[in-house]
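Q: take this sequence and fold it.
(one chain, ligands or ions: 2)
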Amino acid sequence: RVNRDDFLNAMEEVQPAFGAAKEELDHVVENGIIHYSTTVEHILRSGKLFVDQVRTSTRTPLVSVLLHGPPGSGKTALAATIAQASQYPFMKLISPDSMVGFSEAQKVASINKVFSDSNKSPLSVIVVDNVERLLDFTPIGPRFSNVVLQTLMVLLSRRPPKGRRLLIIATSSLRPVLTDLGLSEIFDSELRVPPVSSLRAVDQVLEELELFPSGQARREAIRMLEQAGFGSLDAPEDDTSSRLNVGIKKLLSIVEMARQEPDAVAERLTQVLLGL
Ligand code: ATP
Ligand code: MG
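A: Ligands and ions are numbered 1, 2, ... in the order given. Model (predicted):
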């Protein structure tokens, strides 16, 4: 017999299409954003301006932005955070991770579906994550899917139907390749997501993650890093003389690794960073 509880459970299981899409974004932003530099603030603020522009300007129903930077610099997390903060009725992530094993035709169909679904909503944001992987790009050859490329080219530049507005945020670690393919010029705007390159930023990350039991212990660790040649805590944020160059994604995993050795956290941290 089906009772009222079963009915309510079933209702909970039936997620509206928009709600389900939102969960994918939630998953990507799960670990949160550490505000370790003014560049991070700048990217988030610029993202918000695009969100506001699409929401309010009737002249620009389509805005596309490319977030590019080295592997692990935080592109996906930032793109998803900007998208999610928009609170548009339609928010969707297109990710190669969810298309593993797809044929070209299946990829094209699933990308097309997201864009056509977005047409039903007055305001939409679509994150097109890791464009080169969506294109199956390999530097050997080099090879890529021309069918997916053509699909993206059309979708990235097609104005949404009357009364509909769309923000597209794409990410890539291989901007030069996108340029060669004629894709990067399609974007209205670009934001560079740099790696962590200042000790001050590292200090922020260590503080945020509470790797050390006290500020004193953290300062000692930073001093150790200074002595290892990673620049100075007082150096400006855009200091190019620093040998430090690590994506936030990797830095976070290094921190968690160092945490496993409570007796020698600072040493471990320095060692691993020196070995990069
Ligand atoms: P890949 O090149 O492999 O696609 P990516 O550049 O997309 O990597 P993410 O997958 O976004 O990098 O990984 C960044 C990780 O760092 C995420 O887990 C995110 O939660 C975390 N993070 C913490 N602070 C920041 C920040 N300021 N900006 C971006 N990500 C951050
Ligand atoms: Mg990514």
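
Q: list the buried ones in the helix or strand hosting residue 191?
A: Per DSSP states H and E: residue 191 is located in strand 189-192. Going by neighbour count (16 or more other CB atoms under 10 Å), the buried part of strand 189-192 is residue 191. Where you see a C-beta, it was placed from the backbone N, CA and C, and this is true even at glycine.

Q: which other helices and strands does it contact?
A: When contacts are defined as 3 or more CB pairs under 8 Å, 6 or more residues apart in numbering; DSSP states H and E, strand 189-192 packs onto helix 38-56, strand 62-68.

Q: just the residues contacting the shortest one, thanks.
A: Strand 62-68 is contacted from outside by 43, 47, 50, 53-54, 75, 78-79, 156-160, 165-173, 175, 178, 184, 186-193, using CB atoms under 8 Å, 6 or more residues apart in numbering.

Q: got a ChimeraX select line for the buried ones in those residues?
A: Of the contacts of strand 62-68, the buried ones go into a single ChimeraX selection, burial set by 16+ other CB under 10 Å:
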select :43,47,50,53,54,75,78,79,156,160,165,166,167,168,169,170,171,172,173,175,178,184,186,187,188,191,193
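
Q: ok, and of the contacts of strand 62-68, which contact ligand 1?
A: 75, 78, 171, 173 (CB under 6 Å from any ligand atom).

Q: Three-state assignment for the nearest residue to the first one once chain neighbours are set aside, please.
A: Right, residue 75. Once flanking residues are discounted, residue 75 sits nearest to residue 171: 4.0 Å by CB to CB, 6 or more residues apart in numbering. With DSSP: H, G, I helix; E, B strand; the rest coil as the basis, the three-state label of residue 171 is strand.

Q: now do the contacts for the residue in the stretch 51-200 of the chain positioned nearest to ligand 1.
A: Ranking the residues of the stretch 51-200 of the chain by distance to ligand 1 (CB to the nearest ligand atom) places residue 74 first, at 2.3 Å. Residues near residue 74 by CB under 8 Å, 6+ apart: 33, 40, 193, 247-249.
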